[in-house]
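Give me a 3D structure for the following:
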Amino acid sequence: MRRGLRSDPLSDTYERYALGLIRGPRRSERGPGRKRSPAGRRPSPPASLLARLEALSVKGWPERATLYTRSLPPGCVHCLDGRGSSISLTTLCNRDCFFCFNPRPRADVVSVHGRDVRSHAQAGRLLESLGVRSAGISGGEPLLFPARTLGLVKELRRRLPKLWIDVYTNGDLLTPRLLARLKAAGVDSLRLNLAANGYDPRPVRGALAVFPDLAVEMPVVPSDQGRLSALMGRLDGLGVRHLILHELFCSGHNAGLLRKAGCRTRARPRAFLTWSGVAASEASALRLVAEALEKKLRLSVYYCSTGTQQWIARKAWQT
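Below you'll find the predicted structure:
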């Protein structure tokens with residue numbers, strides 16, 4: 001694993017995002033001066049949409065806007081149980097999506113659970129010490145560095161044979177050979193962000209034969225609701241099992257680009273988070289969940305909101 005060049009400490013965005021996906025370190029490991037954030041109140045989703053979803057027998061937890069139609073992806077189950085973590089393999093990417101809230105400028109650095117690591121072995125030891133049951137390898141675009149990705153997966157699989165491993169990718173760099181190598185190394189599933197390529201399902205078609213349990217995961221851009229609706233139908237026809245919809249997130253790193261795209265952000269982040277949701281994104285996501293139920297899609301649609309993220313992060317910070 002290459003040692004990344006960095007001139008400043010790992011950003012608070014990364015650390016708090018990672019800690020929000022697991023029970024978190026012991027208090028003694030949190031460092032001096034770090035305090036818990038006070039509990040915050042989150043506005044409820046539109047009552048009419050919630051009533052519509054309730055009538056359609058949606059599953060999940062409405063009080064924190066964690067809703068799904070059929071089943072949850074395995075990695076998400078562990079995350080919601082407080083037993084998941086995240087690995088940022090690099091912040092470099094072959095795309096420059098306006099909605100990306102990763103810190104800028106991008107750098108080729110590796111972090112596990114929000115902490116710098118210098119080797120595959122160190123990454124494995126850290127996840128083992130945390131007792132996680134799932135891990136997502138993301139970026140940036142991790143498949144810019146296939147050898148690094150494969151080496152890390154092999155080390156995690158050797159050290160944690162029962163760990164569920166997802167690789168997050170925009171799908172641009174997937175090839176039949178790379179798909180086979182990822183599978184052989186021990187990757188359980190892929191998470192494909194099709195918002196990065198304009199909602200083109202071609203990467204899904206090529207990957208399904210190797211990873212039948214793959215998921216499509218992406219933010220909900222309110223102005224793209226019609227395109228997302230059409231994509232849901234195509235994914236259902238392809239036999240995709242899970243679609244994960246996120247509220248469109250706003251941080252200090254993407255706020256200007258979001259405003260230029262006409263997205264109105266909320267006044268301040270949720271407690272325990274360093275990002276907030278974009279106005280109208282949640283309503284669009286809930287309409288898509290309702291549509292999936294009304295059309296009886298086999299595709300399971302899961303809405304993971306800032307309310308969901310806050311709930312998980314609160315568990316982490318209070319552990």
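
can you list the weak-confidence ranges in the stretch 51-200 of the chain?
When the per-residue scores of the stretch 51-200 of the chain are filtered using pLDDT under 70, no range remains.

Mind listing what's buried along the helix or strand residue 259 falls within?
When elements are assigned from DSSP states H and E, residue 259 belongs to helix 255-260. When neighbours are counted by 16 or more other C-beta atoms under 10 Å, the buried residues of helix 255-260 are found to be 255, 257-258. To be clear about C-beta, it is placed using only N, CA and C from the backbone, and glycine gets the same treatment.

Following element in sequence after that helix, please.
Scanning forward in sequence from helix 255-260 by DSSP H and E, the next helix or strand is strand 276-277.

in its sheet, what does that next one sit against?
When sheet partners are counted by DSSP bridges, strand 276-277 sits next to strand 249-250 (antiparallel).

and the partner strand, how far out from the chain's middle?
Relative to its chain's centre, strand 249-250 lies at 13 Å (C-alpha atoms, centre = their mean, to the nearest Å).

do stretch 186-200 as well
Relative to the centre of its chain, stretch 186-200 is centred 11 Å away, using C-alpha atoms, centre = their mean.

buried set for that stretch?
When burial is assessed from 16+ other C-beta under 10 Å, stretch 186-200 yields the following buried residues: 186-197, 199.

Alpha carbons of that stretch, as CSV, please.
Once side chains and other backbone atoms are set aside, the C-alpha atoms of stretch 186-200 remain, and they are given as CSV (Å, rounded to 0.1, in the frame of the first residue of the first chain):
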residue,chain,number,x,y,z
GLY,A,186,-12.9,-12.2,-1.5
VAL,A,187,-15.1,-9.2,-2.4
ASP,A,188,-18.7,-10.1,-1.4
SER,A,189,-20.5,-7.3,-3.3
LEU,A,190,-20.2,-4.1,-5.3
ARG,A,191,-21.9,-0.8,-4.7
LEU,A,192,-22.3,1.0,-8.0
ASN,A,193,-22.9,4.8,-8.0
LEU,A,194,-24.7,5.3,-11.4
ALA,A,195,-25.4,9.0,-10.6
ALA,A,196,-21.7,9.5,-11.6
ASN,A,197,-22.3,8.3,-15.2
GLY,A,198,-25.7,9.9,-15.9
TYR,A,199,-27.7,6.8,-14.7
ASP,A,200,-26.3,4.4,-17.3
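
Could you give the number of residues near residue 82?
A count of neighbours around residue 82, defined by other C-beta atoms under 10 Å, yields 18.

if I look at it, how far off is residue 312?
In this structure, residue 82 and residue 312 are 7 Å apart, going by C-beta to C-beta, to the nearest Å.

now swap in residue 74 and tell me
Taking C-beta to C-beta as the criterion, residue 74 is separated from residue 312 by 16 Å.

May I have the phi/psi pair for the residue positioned nearest the centre of the chain?
A centroid search over the chain (C-alpha atoms, centre = their mean) returns residue 217, at 7.0 Å, as the residue closest to the centre. The phi/psi pair for residue 217 (degrees, to the nearest 10) reads phi -130, psi 130.

where do the strands sit along the stretch 1-150 of the chain?
Along the stretch 1-150 of the chain, counting by DSSP state E, counting those that start in this stretch, strands occupy 59-61, 66-68, 84-88, 111-112, 115-116, 134-138.

Ok, which of those comes nearest residue 153?
The closest approach between residue 153 and any of those, judged by C-beta to C-beta, belongs to strand 134-138 at 7.2 Å.

Report all helices and strands that that closest one contacts.
helix 74-80, strand 84-88, helix 146-159, strand 164-169 (3 or more C-beta pairs under 8 Å, 6 or more residues apart in numbering; DSSP states H and E).

what angle do that strand and strand 164-169 make?
20 degrees (axes from the mean of the first three to the mean of the last three C-alpha atoms, to 10 degrees).

Using CSV, write out the CA atom coordinates for strand 134-138.
Extracted in CSV, the C-alpha atoms of strand 134-138 (Å, rounded to 0.1, in the frame of the first residue of the first chain):
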residue,chain,number,x,y,z
SER,A,134,-18.8,-5.4,7.4
ALA,A,135,-16.5,-2.9,5.7
GLY,A,136,-16.9,-0.8,2.6
ILE,A,137,-13.9,0.0,0.5
SER,A,138,-14.5,3.3,-1.2
